[in-house]
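> A predicted structure for the sequence below; I have some questions about it.
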Amino acid sequence: MAMLLMPSTGVTLIQSASAQSLEAIASRSLKSIPLEQQTGDQPSVSIDPLNSPYPVPWNWVMKTYEDVSAREGSGVRYYRSHSLLSPDGEYAAYSRIQMQVQPELYRSQVSSVMFLENLRTGQLQEVKASSPLALHLMTQGKAATPGVISILSPIGWSKSSDRLLARQFEGFFSTSDISDYAVVWHRYQNRTTTLAPAQVFNNHAMSILLGWSQTDPSRVVFRVGELGDEQWQMWTVAENGQTSLATSVEQPVVFGLRQMQLWAGEQIASR
């Protein structure tokens, strides 16, 4: 089921198949992890263009560009994220990132596909963002503007496992035109909504997704500002796009268990 809300929302579709034992996953003492604990689990050497608490694999992106452009000129490489398990142990979400390397960085492209697996039934679904550049890649395909970056990755679940929150990081290589969108998948309605603070649409500000609102779990929290600003303000966004200044007691949270897997990371290369 797809759903589109404006000005700061959007949508998606989903479906397919694969399998795994729910009991085996649940037996690994699944627990909820608040934002401050999850950020501490991130590798200290990991960098992120927006200094996000949920970094995209930017080290891999830049190293891949340097290696491929120097040795082959151009080529395609893949990266697979670790899985993020829901608190009830029934779902796992992960992303597969593709980088199309060109001799010039500003002509290279990074895109992704995010998968959601029902561990009880084995059904594998694809979750898509409907942010501007995600839609551009979907509609334009090979004719897409060079230099596009569009990475969708799961960052956390709601406490009751009924919603998944993902970070849609997008922009262009060799520019400061980058920002985050939030993608929320609703388990029981099987629909996806894409959100961003109103300032991103109206003033071209930059936003960093931080998690669910602790004071109102139906909203998501962003830090919003522009290059050069000393203080970036925290804002919350509702599913209808309403953007409000966060209260002084706001503390973003996420839940779930990050499953470290041997097959995560750089994948077999292909041309």
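Thanks, I have it.
> hey, where'd the helices end up in this structure?
22-26, 35-40, 58-71, 132-140, 198-202 (DSSP state H).
> Minimum distance to Glu266: which of the ones you listed has it?
Minimum separation from Glu266 across those (C-beta to C-beta) falls at helix 58-71, 6.3 Å. Where C-beta positions appear, they are placed from N, C-alpha and C, glycine not excepted.
> Could you list the residues in contact with that closest one?
By C-beta atoms under 8 Å, 6 or more residues apart in numbering, the residues outside helix 58-71 that reach it are 45-49, 74-75, 77, 79, 99, 101-103, 105, 108, 110, 265-266.
> Among the residues you listed, name the ones in strands.
The members of the contacts of helix 58-71 that map onto strands under DSSP state E are Gly75, Arg77, Tyr79, Met99, Val101, Val110, Gly265, Glu266.
> any idea which of those residues is closest to Ile208?
Ile208 lies nearest to Val110 out of the ones in strands among the contacts of helix 58-71, by C-beta to C-beta, at 18.2 Å.
> Run through the bridge partners of the closest one.
Note on Val110: beta-bridge partners Met99, Ile149, judged by DSSP bridges.
> ok, back up a step: I'd like to know which of the contacts of helix 58-71 are buried.
Applying a neighbour-count criterion of 16 or more other C-beta atoms under 10 Å, the buried members of those are Asp48, Pro49, Gly75, Arg77, Tyr79, Met99, Val101, Gln102, Ser108, Val110.
> Now render those residues as CSV, adding distance to Val148 and pLDDT.
Shown next, in CSV, are the buried ones among the contacts of helix 58-71 (distance: C-beta to C-beta, whole Å; pLDDT from 0 to 100):
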residue, distance to Val148, pLDDT
Asp48, 18, 95
Pro49, 14, 95
Gly75, 17, 96
Arg77, 16, 96
Tyr79, 17, 96
Met99, 11, 97
Val101, 13, 97
Gln102, 12, 97
Ser108, 9, 97
Val110, 7, 97
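> which one of those residues is nearest Val254?
Among the buried ones among the contacts of helix 58-71, and counting by C-beta to C-beta, the member closest to Val254 is Asp48, at 16.1 Å.
> tell me the phi and psi of that closest one?
When read as degrees, to the nearest 10, the backbone of Asp48 gives phi -150, psi 140.
> quick one: the nearest residue to it once chain neighbours are set aside from Gly256, how far?
Closest residue in space to Asp48, ignoring its immediate chain neighbours: Pro55 at 3.6 Å, by C-beta to C-beta, 6 or more residues apart in numbering. For Pro55, the distance to Gly256 (C-beta to C-beta, to the nearest Å) stands at 17 Å.
> more neighbours, these two?
Gly256 (29 against 19; other C-beta atoms under 10 Å).
> how close does that one sit to Ser112?
Distance of Gly256 to Ser112, given as C-beta to C-beta: 19 Å.
> which residues does Val184 contact?
Arg163, Leu164, Leu165, Ala166, Thr192, Thr193, Thr194, Leu195, Val220, Glu239.
> Those in strands, which ones?
Using DSSP E, the subset of the contacts of Val184 located in strands is Arg163, Leu164, Leu165, Ala166, Thr192, Thr193, Thr194, Leu195, Val220.
> Pretty sure Val254 is one of the things the third one touches, is it not?
Yes. If you go by C-beta atoms under 8 Å, Leu165 and Val254 touch, sitting 6.4 Å apart.
> in the sheet, who's paired with Phe115?
Applying DSSP bridges, one finds that Phe115 bridges with Tyr94, Glu126.
> Burial check on Lys128, number of neighbours?
Counted by other C-beta under 10 Å, the residues lying close to Lys128 total 24.
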